[in-house]
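Peer 1: how would this look folded up:
(2 chains)
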Amino acid sequence: MTIPPSDISPEDASVVFDAVSKRFAASGGNAAFTALDNVSLTVARGSITGIIGRSGAGKSTLIRLVNGLEKPSSGKVLVDGVDVGALDEAGLRDLRRSVGMIFQHFNLLSSRTVFGNVALPLEIAGMDRRAIEQRVRPLLDLVGLADKHGRYPAELSGGQKQRIGIARALATEPKLLLSDEATSALDPETTQSILELLKRINAELGLTVLLITHEMEVVKAVTSDVAVIDRGEIVERGRTFDVFTHPKHETTRALLSGLPGSKLPEAVARGLKSAAAAGDRVVVRLTFFGAAAERPLISQLIQSIGAEVNIIAGTIDEIGGKPYGSLVVAYGADAETAGKAEHFFAENGLVTEVLGYVA
Amino acid sequence: MSPDLLMLIGKATLDTLRMVAIAGLIGSLIGLPIGIFLATSGKGELFPAPNVNRIVGLLVNATRSTPFIILVVAIIPFTRLVTGTSIGTKAAIVPLTIATIPFFARLVEAAIRDIDKGLIEAARAMGATPMQIVFKVLLAEARPALTLALTMTLVSLIGYSAMVGAVGGGGLGDLGIRYGYQRFRPDVMLIVVVVLIVLVQLVQSAGDRLARRFDKRSRKT
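Peer 2: From the prediction side, this is the model:
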């Protein structure tokens, strides 16, 4: 599958992956393996871009190319126009001080207090104590942990630890924040609050966020743009809203099917047939957004087809700030009813997908 | 107990403390960087030098597998070169130090290898130099383990120091052998053993307490 070239101009790009491949040579018991295969992707400045894929799809390798923790086997990675692969060690250190990173397991120093952890990147950059103090205090305020500055990480909850991780990543005032599965070790509620924080930072500081995750929930909640990675290749990418509402690749569909509301109830899924017999009902997924999400669609549908409609599953949600609904309904599969329904859907601009038939 | 005997025990205890303190200090000061090197110079690590790493590892193993009493005798020429003599407390410090270096280095290596690799990655992502990673991350995080390593080293040294009595090294071990064993004085032997036990206990509990204070990994309220 070919992906059209990016429509983001080079001046607006925070990160550019240009035909990047990464191969790991065989070592010990491991066979040689290609983690990334000819990946091209542009991350727009000021965006929150998500890269989603299953574990082992190559997303960890991809994000580590940005700050030079990994080196590409071929191709180029540009950060603000600078070729990361061409930098020497000193150049890489400078780059890393302008790119923040947060981690799944937080990676805080247990021997340092909250304050000390946030101060660490500033000490590394050689800042003096007074300036560090002035920089760290407002950051702790920003992440809502000013009262915990003298505590040690072991005394904090997972969500609080990640907030410290975020404050630490922001300490050097980076233009780009890399998030490596930052919410994967957190419960759903804490995940939401961390994602809210990332959104706020993106809006208030104008920071570009590049995050990798295996959870569609995360992509849905915060990203403006998304790329789907599978077996080292980008298989789909675009505005998050478009990818969610019109998924093209099967991997994207598979990942989306994990979202609540998009799954059919077990009993329905089991009885689903691929062809209709007389008297069967057709099961259809309707996707609607924008104005359509606010109209009384079901009552209109019932009126226009003059038959019963069952609602099987459904969800109303927001993606990239836009309202979005997904509804699975069943109605008579006979030619007349189905014809009327199709007419109704076309008239109202609804995206439909026939999932199968039930008795 | 005669005052003379008390004097002897007092002097022997001081000799032992002096040997352990000096050998412990010098040995761990040299052993620490060697241990750090062993833990960070493998392939793909902070200071990659796998060949040197192997050679240093081999030397460390060789020294550690030599029985201490043989080491003492084997390095007499070196001891004489350093201290001008091959007997007495001062001379005993040399083999004690030599034995301490690889012992402590291996413990340091284990302590540092035990640190979560994620912390090293995080520090690299912050733009830290390898040296900054050693001082600000590895040594800081390993402090409780290093304290316990030093404690274990000092306890072993107290045991080793009793052996140097065999070559006229002085100290409690020497006293035990010369008076307790050779002059059939079980009372002296008993006192020597009790003093050694007390010393080991003191060192161990001080080390444990210090390590606990350094350790911030457990939740405290």
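
Peer 1: Just the buried positions in stretch A:140-150, please.
Peer 2: By 16 or more other C-beta atoms under 10 Å in any protein chain shown, the buried positions in stretch A:140-150 come out as A:140, A:142-143, A:145, A:148-149. Placement of C-beta: from N, CA and C, glycine included.

Peer 1: With stretch B:68-83 instead?
Peer 2: Buried residues in stretch B:68-83 (16+ other C-beta under 10 Å): B:68, B:71-72, B:75-76, B:79, B:83.

Peer 1: quick one: contacts of it?
Peer 2: Here stretch B:68-83 makes contact (C-beta atoms under 8 Å, 6 or more residues apart in numbering or on different chains) with B:63, B:66, B:85-86, B:90-95, B:98-99, B:160, B:163-164, B:166-167.

Peer 1: Could you list the contact residues of chain B toward chain A?
Peer 2: Counting by C-beta under 8 Å from any C-beta of the partner chain, the positions of chain B adjacent to chain A are B:116, B:118-119, B:121-129, B:132, B:136-137, B:140-141, B:143, B:214, B:216-221.

Peer 1: Of the residues you listed, keep whichever come out buried.
Peer 2: For these, buried by 16+ other C-beta under 10 Å: B:119, B:121-129, B:132, B:136-137, B:140-141, B:143, B:214, B:216.

Peer 1: Can you pull out the low-pLDDT segments for chain B?
Peer 2: B:1, B:166, B:219-221 (pLDDT under 70).

Peer 1: ranges for the helices of it?
Peer 2: Per DSSP state H, chain B carries helices over the ranges B:3-40, B:50-65, B:68-74, B:76-83, B:89-113, B:117-125, B:130-132, B:139-141, B:143-163, B:172-175, B:186-214.

Peer 1: List the buried residues of the longest one.
Peer 2: Applying a neighbour-count criterion of 16+ other C-beta under 10 Å, the buried positions in helix B:3-40 are B:8-9, B:12-13, B:15-16, B:18-20, B:22-24, B:26-28, B:30-32, B:34-40.

Peer 1: and the angle for that helix with helix B:143-163?
Peer 2: 130 degrees (axes from the mean of the first three to the mean of the last three C-alpha atoms, to 10 degrees).

Peer 1: How far away from the center of its chain is helix B:3-40?
Peer 2: 7 Å (C-alpha atoms, centre = their mean, to the nearest Å).

Peer 1: With stretch B:189-199 instead?
Peer 2: Worked out by C-alpha atoms, centre = their mean, stretch B:189-199 lies 20 Å from the chain centre.

Peer 1: quick one: which helix or strand includes the residue minimising distance to the centre of chain A?
Peer 2: Taking C-alpha atoms, centre = their mean, the centroid of chain A lies closest to A:V219, which sits 2.7 Å from it. Per DSSP states H and E: A:V219 is located in helix A:216-222.

Peer 1: what mean pLDDT does that helix have?
Peer 2: Averaged across helix A:216-222, pLDDT comes to 91.

Peer 1: Name the surrounding residues that touch that helix.
Peer 2: A:48, A:50, A:52, A:183, A:188, A:191-192, A:195, A:198-199, A:202, A:209, A:211, A:213, A:226, A:240, A:244, A:255-256, A:258-259, A:317, A:319.

Peer 1: Give me the helices and strands touching whichever helix or strand comes after that helix, please.
Peer 2: Sequence-wise, the next helix or strand downstream of helix A:216-222 (DSSP H and E) is strand A:225-230. If contacts are counted by 3 or more C-beta pairs under 8 Å, 6 or more residues apart in numbering or on different chains; DSSP states H and E, strand A:225-230 sits against strand A:33-44, strand A:48-52, strand A:233-239, helix A:240-245, helix A:250-256.
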